[in-house]
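Participant: Any chance you could fold what I've pasted below:
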Amino acid sequence: MAERVLVPWAQTLQNAPAGVSGDVYDGAGEPDADLSQVAFYIVPYGRTQRLDLMERMPGLRAVQLLTAGYERALEHLPEGVELCNGRGLHDASTAEHALALMLAAQRDLPRWGGDQSAHRWAPHYTRSLAGTRVLIVGYGSIGAALEARLEPNECQSVRIARRARPEQGVHGIDALHRLLPEATIVVLTAPHTPETEGLIGAEELALMPDDSLVVNVGRGALLDTSALLAEKGRVRAALDVTDPEPPPAGHPV
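Facilitator: Next up, the predicted model:
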């Protein structure tokens, strides 16, 4: 009997090895496939993820995520099923996005865009990215990709991870409070775990210099939204992810 798979793209089935067949499901609506026969499930990418479908697949043996983060999948993962994350898939795109957010914030690009739309001529001085000290909190493959893009922009990168790796110049997370007062920009690339939830809260924000910037391309819950709002703009933010996500209508974030 052929192995049954459930994948997001038809091209995946076209390139499948002999003995493998299946169905395409992009996350919209309910799948047409017989889930009881699925042995391998590639979870659709984006906000249409259907992690709950794993619970309806009694023959499931392996799941492939297209995200580096996997914490949301754990509660749905049947016992004995192998879970594979997408580590490395989004290193370049996430690093580019983080760099774009930093440049946009430092150079006030949203304000320039608004002025252009309003046909308003209001020149003003902006900040530079060159010469900044950037803390990369959660230094893994995405952090390394970001650091490679910061170097030609003349930034000083400071690596921070869960555990110190002195041979690689990586500080442990226990050094965060010591390093924050000297940071121009703090970039969050860490996963969401019980240990990292609220990693940057009121105490940490208070340690950051005036007009410093926090960039979150990790998970929304890494940054305490209420604490950030309480800073009233003293610490700026450029956020790819938020908590709550998405923010409800009228939310001040």
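Participant: the bottom helix or strand of this structure by mean pLDDT?
Facilitator: One helix or strand of the chain scores below all others by mean pLDDT, DSSP states H and E: helix 10-14, with a mean of 85.
Participant: can you map out the strands along the stretch 151-253 of the chain?
Facilitator: Under the criterion DSSP state E, counting those that start in this stretch, the stretch 151-253 of the chain carries strands at the ranges 156-161, 170-172, 185-188, 213-216, 236-239.
Participant: what about these, which gets the closest to Gln116?
Facilitator: The closest of the strands of the stretch 151-253 of the chain to Gln116 is strand 236-239. By CB to CB, the value is 19.7 Å. Backbone N, C-alpha and C define where each C-beta goes, glycine included.
Participant: May I have the strands that pair with that closest one, each with its orientation?
Facilitator: Strand 236-239 sits in its sheet next to strand 213-216 (parallel), going by DSSP bridges.
Participant: tell me the mean pLDDT over the strand it pairs with?
Facilitator: Per-residue pLDDT over strand 213-216 has a mean of 98.
Participant: Alpha carbons of that strand, in CSV - could you do that?
Facilitator: Only the C-alpha atoms of strand 213-216 are listed here, as CSV (Å, rounded to 0.1, in the frame of the first residue of the first chain):
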residue,chain,number,x,y,z
LEU,A,213,15.0,50.5,19.8
VAL,A,214,13.7,47.0,20.4
VAL,A,215,13.0,44.9,17.3
ASN,A,216,11.0,41.7,17.7
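Participant: what residues does that strand touch?
Facilitator: 98, 101-102, 105-106, 184-188, 200, 205, 208, 222-223, 228, 235-242 (CB atoms under 8 Å, 6 or more residues apart in numbering).
Participant: redo that, cut-off 6 Å
Facilitator: Residues from elsewhere that reach strand 213-216, judged by CB atoms under 6 Å, 6 or more residues apart in numbering: 98, 101-102, 105, 185-188, 223, 236-239, 241.
Participant: Just give me the closest of the residues you listed to Ile142.
Facilitator: Ala98 (8.1 Å).
Participant: In JSON lines, list the strands of the stretch 151-253 of the chain along with mean neighbour count.
Facilitator: Formatted as JSON lines, these follow (neighbours: other CB atoms under 10 Å):
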{"stretch": "strand 156-161", "mean neighbour count": "20"}
{"stretch": "strand 170-172", "mean neighbour count": "17"}
{"stretch": "strand 185-188", "mean neighbour count": "28"}
{"stretch": "strand 213-216", "mean neighbour count": "25"}
{"stretch": "strand 236-239", "mean neighbour count": "20"}
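Participant: Skipping its backbone neighbours, what lies nearest Leu103 in space?
Facilitator: Nearest non-adjacent residue to Leu103, counting by CB to CB, 6 or more residues apart in numbering: Leu129, 5.9 Å away.
Participant: any idea how far the one you found is from Pro152?
Facilitator: Shown here: Leu129 relative to Pro152, a distance of 11 Å by CB to CB, to the nearest Å.
Participant: ditto for Pro194
Facilitator: 37 Å.
Participant: how about Val137, phi and psi?
Facilitator: Main-chain torsions, Val137, degrees, to the nearest 10: phi -100, psi 110.
Participant: Let me fix that, I meant to ask about Tyr25.
Facilitator: The phi/psi pair for Tyr25 (degrees, to the nearest 10) is phi -140, psi 120.
Participant: Fine by me, thanks again.
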